[in-house]
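[1] Show me the folded form of this:
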Amino acid sequence: MDGMDVRRGGVAANIAYGLGVLGQGPVLVGGAGADFGDYRLRLKEHGVDTEAVLVSATRQTARFLCLTDQDMNQIAAFYPGAMSEAADIRLRAVAESVGGLDLVLVSPNDPGAMVTHTEECRELGIPFAADPSQQLASLSGQQTRGLVEGAAWLFTNEYEAALVRERTGWSEQQVLERVGAWVITLGAQGVRVARRGAEPEVVPAVPCAAPVDPTGVGDAFRAGFLAGLAQQLSTGAAARLGCALATTALGFTGPQEYAITSERLSQALASAYGGAAVVEAAPVLERMR
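    Now for the predicted structure:
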C-alpha cells in the first residue's frame, strides 16, 4: 500500500450529499453510531436533512474499507455497525415529520431494513426506487424480487444487472414489466435507460481527463439523475446531469470531496452535450448551493 485516506461516505449519505449540493433538500434515513456528530454537521452544511438518522447507543457508524489499484479496480471489506439497526426506522414517521416524501430511494442497507422500507413505501403509496447494488450478494431471491417489484426506478451497473436477473430468475423483459424504468450505468460508456415496450435511451458519459478515484461515482450519478427528476427534467436530461456530476466526482479522492458550482457543471454539460444540455438543466443549476 502506498498510502491510506479516511473519507466520509456511505451510499445514502453520498447521494444525499450530491442532492444537497444541487439544492434539492434531501432527507437522509439510516443508522449511524455515536461518532456521527461531526459528520451530521457537515451534511447539514451541504443541505442534507439528517433528523431521520437513527443514532445507535452501542455501535459505531458503518465502515467501508477499499483498496484501489492504478487501473481503478477495487477490493473492499465492510463493517455494518449501526447500519444493523436501520430497520427500526419507520418511514411513516419520517414522512409525517417533513410533510410528505416525493420518492424514497432504497439504497444498500441492512437487508431487513431494505425489505421493510420497501414494504412501507407500498403500504403508504410512496413512489420508490430500488438501488440494491452492493447488497445483491447478501439478498435472497425472494428479497430481491420484493425490492424490485413495483419500483418506479431500478438502478444497477452492468454486473449488478446480471445479478438481478440471476437472483430474481427473471429475464430483462420480465424485470421491465415490473418497474417503471431500469437505469443501468455503463462506466465510461455512459448510461442506458430501459423501459417496457420502448427502445433503450443511451446517454454517453462525460469524459474525464484525469480520473482520480471511482469510489462513489455511481452515487454522484444517482444524485444528479434524481435532482433532474425532482425538477421535472426529461429522463435524458436527468441522465446527462447525472453523468456530469459523476465525472466531477471521479476527479476527486473520496465520494464527498468534490467541489462543484453551477458554472463548472454547466461547462461539463456544454462540453459533452452542447449548449442545449445547459438550458434543459437550468431548473437544477439555478438551485445549486
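
[2] who does the top helix by length along the chain touch, helix- and strand-wise?
    Using DSSP state H to define each element, the chain has its longest helix at helix 235-250. Helix 235-250 sits against strand 191-194, strand 201-203, helix 217-230, helix 262-273, helix 275-280, with contacts defined as 3 or more C-beta pairs under 8 Å, 6 or more residues apart in numbering; DSSP states H and E. (C-beta placed from N, C-alpha, C; glycine too.)

[3] now do 6 Å
    strand 201-203, helix 217-230, helix 262-273 (3 or more C-beta pairs under 6 Å, 6 or more residues apart in numbering; DSSP states H and E).

[4] Just say which of these is most tucked in.
    Comparing those by mean neighbour count (mean count of other C-beta atoms under 10 Å), helix 217-230 ranks first with a mean of 27.

[5] quick check, distance from that helix to the centre of its chain.
    7 Å (C-alpha atoms, centre = their mean, to the nearest Å).

[6] For Gly216, what are phi and psi?
    phi 80, psi 0 (degrees, to the nearest 10).

[7] my hunch is that Leu154 is in a strand, does that hold up?
    Yes - looking at Leu154 with DSSP: H, G, I helix; E, B strand; the rest coil, it is inside a strand.

[8] residue contacts, Val27?
    Listed by C-beta atoms under 6 Å, 6 or more residues apart in numbering, the contact set of Val27 reads 49, 52, 98.

[9] what's the closest residue to Ala57 other than its chain neighbours sitting at in phi/psi?
    Spatial nearest neighbour of Ala57, chain neighbours left out: Ala34 (7.2 Å); criterion: C-beta to C-beta, 6 or more residues apart in numbering. With angles defined as degrees, to the nearest 10, Ala34 sits at phi -70, psi -10.

[10] same for the lowest-mean-pLDDT helix or strand in the chain, what does it pack against?
    Here the helix or strand of the chain ranked lowest by mean pLDDT, DSSP states H and E is strand 63-68, holding a mean of 80. For strand 63-68, the elements it packs on are strand 74-79, judged by 3+ C-beta pairs under 6 Å, 6+ apart.

[11] tell me the pLDDT at the residue nearest to Ala57?
    pLDDT, Ala34: 90.

[12] any low-confidence regions in this protein?
    The model of the chain has pLDDT under 70 over residues 1, 3-4, 289.

[13] one more time with 90, if that's ok
    Within the chain, the segments meeting pLDDT under 90 span 1-9, 35, 62-80, 134, 209-210, 213-215, 253, 259, 289.

[14] what's in contact with stretch 217-226?
    Stretch 217-226 is contacted from outside by 11, 14-15, 18-19, 185, 238-239, 241-242, 245-246, 249-250, 255, using C-beta under 6 Å, 6+ apart.

[15] Now do stretch 31-43: distance to the chain's middle.
    Stretch 31-43 sits 19 Å away from the centroid of its parent chain (C-alpha atoms, centre = their mean).

[16] How about that stretch, which residues are buried there?
    Residues 31-33, 36, 39-40, 43 are the ones in stretch 31-43 that count as buried (16 or more other C-beta atoms under 10 Å).

[17] Give me every residue in contact with that stretch, excluding its own residues.
    8, 50, 53-56, 59-61, 81-83, 85-86.

[18] What subset of those residues is buried?
    Buried members of the contacts of stretch 31-43, scored by 16+ other C-beta under 10 Å, are 8, 50, 53-56, 59, 61, 81-83, 85-86.

[19] Now, those that are in strands?
    Using DSSP state E, 53-55 are the members of the buried ones among the contacts of stretch 31-43 that sit in strands.

[20] re earlier: show me the buried residues of stretch 31-43 that map onto helices.
    39-40, 43.

[21] Closest to Arg145 out of these?
    Nearest to Arg145, judged by C-beta to C-beta, of those is Leu43 at 32.7 Å.
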